[in-house]
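Engineer: From the sequence below, what's the structure:
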Amino acid sequence: MSNVPVPANGMPQALAAPLRQATSLLGQPAVRRAMPFLFLIGLAAAGWLAWSMVATAPQRILFANLSDADKASVTSALDSAGIPSAIDGSGSVTVAEDQYHKARMLLASQDLPKGQPGGYQILDQLPMGVSRAVEGERLRQARETELARSIQEIDSIAEARVHLATPEASAFVRDHAQPSASVIVKLQPGRALGDAQIRAIVNLVASSVPRMAPESVTIVDQMGALLSKSGSGDPSGSDNRIDFQRRVEEKYRTQLVQLLTPMVGGNNFTAEVQADVNLDESQATRESYDKDGTLRAEQGNWTGSGEKEAPGGIPGALSNTPPPPSTLTSPNAAAKQPQPSGPNGTINSAASTPGVPQPAPSAAASPEPQTKQSDSFSRAYDLGKEVSVTRQVPGNVKRLSVAVLLREESGKPRSKIEIDQITQLVRAAMGFDPARGDVVTVISRKFNPLPELNDAAGPAWYDAAWVPLVARNVTALLIAVLVLFLGIRPLTKALLRKRDDAARPNPALAMGGVAQDGQYVPPPAPPPVSIDMLQSADTRGYEERVGMVRGFTRDNPARAALAVRDMIKADAP
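Structural biologist: The predicted structure is shown next:
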């Protein structure tokens, strides 16, 4: 149990004593007289604080995470240009929001902040004895920075970052990996990159890294859209199909605008073109052969026999004389061209080859008929062959649909002759082909009124630069007016009322009141006066009787009025 005494109001003694001291201090007459002035000073200080907070322009971070040298350079340049700046708790340089863009342009013209060294300058800071891996990473970082700076030179690009993935070289051919790169670009507001610029960036990055193919470069913008598309040369892709069709339609639409604008006016017509483009690439191959063919080679042999010669001559003298030379003759009616052969009738395949000159048969040889006994041949023929390849290039227009809407002049419809003439002109400009099923429609109608576009109009009034300044000043003025009417004015009235009360005599003192603790307490009310007391007042003094009459009149006003009325009637003649 705690032995701390607790007073009757339930507050500990340790807290009650300071409160009593503060209450007694505030209860002193001098302090109570000074309280309105202190409250007035507090209200004025609160108003000044609110004014300073509202009147000060909101701050915007100009640069964050700068080095001390860059902070000094930036603040010095801003002070020289008369632009107030500050450094917040996180170390970021801040300026007024309405001075933000001016400060950025000023610092950009002075090439501030310098920042950390980039590009190939970081190679100058390599310490001695670094490993080859660290040296390679620094070289890759320097190459990335230099590529990013080169890409930023394009007008449409505000910022760029490049990431290179370069694998280490390997002694094995099968382990060779191709390097790749990814580029993220931040475009200027309202700007876009064309196809030629995208191809230029791809070729720039691919040419700066050894063994990098253009297909290995990926470009992404700040919105996450993929700008470089793999296989951009393939027209079968869906994006390429839509883009090619859009270009064809835009070409025809431009022709229509150039044709109809001088005739009917730029605001008196509208035209739409729908082109059905064939983007399918077809390739056909055809082969044909000659049925007869041509003999290319023949190989084989056959044997035959003829009539034997009767022996003759001088016995023993010419028995060893060689027989006369023999010639080969076809044994059949459909025999082939005579082939040279030996004594046994063997045929050489090379001799039957077309184009090889054949030896002429001997004129002195006498042909002798022979009979074919057996043959064995292997023949090869060349057939006639024709190969034709037909390839259709994609991009042919299969069908065109053109719709032209004309504005009626002065509320009157155009004549049929005029519409027919315009239709013929449109068909001639579009290359109308009925075989393709082209459709051209021209009609005349009234146009609904459209609001005129004011191209020269600037931004809305609430987006102007003076609106925040006026809002801050009006808010600060309202705060000052509220402090004046809700704080100072009531206090002033209370002080004036207290001064007037102090100047007037206190009725309580006049009636015999006493002062207690600085306040005047009226005397206690006298006892009520009855009629008996008035009748017995003859024996008392004059002042006492007058006081009794006043008391009776105060306690019984109705009876006093009746008594006065009776007295007036009694005094009347």
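
Engineer: In a helix, Ser388, correct?
Structural biologist: No. Assigned with DSSP: H, G, I helix; E, B strand; the rest coil, Ser388 falls outside any helix and is strand.

Engineer: Double-check it against Arg286; I have them as touching.
Structural biologist: Yes. The criterion here is CB atoms under 8 Å, and Ser388 meets it with Arg286 at 4.6 Å. For glycine as for every other residue, the C-beta is placed from the backbone atoms N, C-alpha and C.

Engineer: The helix or strand containing Glu544 - contacts with which helices or strands?
Structural biologist: Taking DSSP states H and E as the definition, Glu544 sits inside helix 542-555. With contacts defined as 3 or more CB pairs under 8 Å, 6 or more residues apart in numbering; DSSP states H and E, helix 542-555 has these neighbours: helix 531-535, helix 557-571.

Engineer: Next, the angle from that helix to helix 557-571.
Structural biologist: 120 degrees (axes from the mean of the first three to the mean of the last three CA atoms, to 10 degrees).

Engineer: I'd like the average pLDDT over helix 542-555.
Structural biologist: Averaged across helix 542-555, pLDDT comes to 77.

Engineer: Show me which residues of that helix are buried.
Structural biologist: Met548, Gly551, Phe552 (16 or more other CB atoms under 10 Å).

Engineer: same check, this time on stretch 133-146
Structural biologist: Neighbour-count burial for stretch 133-146 [16+ other CB under 10 Å]: Arg138, Gln141, Ala142, Arg143, Glu144, Thr145, Glu146.

Engineer: Compute the distance between the fourth one and Gln188, please.
Structural biologist: Distance, Arg143 to Gln188, by CB to CB, to the nearest Å: 25 Å.

Engineer: do the fifth one as well
Structural biologist: Distance, Glu144 to Gln188, by CB to CB: 22 Å.

Engineer: so where is the stretch 101-250 of the chain shaky, pLDDT-wise?
Structural biologist: For the stretch 101-250 of the chain, the stretches with pLDDT under 70 are 115-125, 173, 175, 230-239.

Engineer: mind running it again at 50?
Structural biologist: 231-233 (pLDDT under 50).

Engineer: which residues of it fall in strands?
Structural biologist: 157-165, 180-187, 217-221 (DSSP state E, counting those that start in this stretch).

Engineer: Tell me the secondary structure at the residue nearest to Leu26 when sequence neighbours are not counted.
Structural biologist: Spatially, and ignoring its direct neighbours in sequence, Leu26 is nearest to Arg32 (7.0 Å; CB to CB, 6 or more residues apart in numbering). On the three-state scheme (three-state DSSP), Arg32 is labelled helix.

Engineer: can I assume Arg32 is in contact with Thr23?
Structural biologist: No. Arg32 is beyond contact range of Thr23, at 11.6 Å (criterion: CB under 8 Å).

Engineer: Could you pull out the residues contacting both of these two?
Structural biologist: Counting by CB atoms under 8 Å, 6 or more residues apart in numbering, Arg32 and Thr23 have no shared contacts at all.

Engineer: ok, back up a step: tally of neighbours for the residue nearest to Leu26?
Structural biologist: A count of nearby residues for Arg32, using other CB atoms under 10 Å, gives 11.

Engineer: And it, what's its pLDDT?
Structural biologist: For Arg32, pLDDT reads 74.

Engineer: cool, and the one 5 residues further on?
Structural biologist: Model confidence at Phe37, given as pLDDT, is 77.

Engineer: separation between it and Gly190?
Structural biologist: Counting by CB to CB, the gap from Phe37 to Gly190 is 61 Å.

Engineer: Looking at those two, which is more packed in?
Structural biologist: Using other CB under 10 Å as the criterion, Phe37 and Gly190 rank with Phe37 on top: 11 against 6.

Engineer: Name the helix or strand for the more buried one, please.
Structural biologist: Using DSSP H and E, Phe37 falls in helix 29-55.

Engineer: Show the subsequent helix or strand relative to that helix.
Structural biologist: Next along from helix 29-55, by DSSP H and E: strand 59-63.

Engineer: wait, doesn't Leu164 sit right on Pro210?
Structural biologist: No. Between Leu164 and Pro210 there is no contact under CB under 8 Å: 11.2 Å.

Engineer: Now the common contact residues for those two.
Structural biologist: Counting by CB under 8 Å, 6+ apart, the residues touching both Leu164 and Pro210 are Pro179.

Engineer: more neighbours, these two?
Structural biologist: Using other CB under 10 Å as the criterion, Leu164 and Pro210 rank with Leu164 on top: 18 against 8.

Engineer: Does the nearest residue to the more buried one once chain neighbours are set aside have any beta-bridge partners, and if so which?
Structural biologist: In space, and not counting its chain neighbours, Leu164 is closest to Ala181: 5.1 Å by CB to CB, 6+ apart. Beta-bridge partners for Ala181, by DSSP bridges, are Leu164, Val217.

Engineer: For Ala181, grab the count of nearby residues.
Structural biologist: 22.

Engineer: ok, now which ones touch it?
Structural biologist: Val162, His163, Leu164, Ala165, Val205, Ala206, Val209, Met212, Ser216, Val217, Thr218.

Engineer: most neighbours, which of the residues you listed?
Structural biologist: Val205 (27 neighbours).

Engineer: What are the neighbouring residues in contact with that one?
Structural biologist: Leu147, Val162, Ala181, Val183, Met212, Val217.
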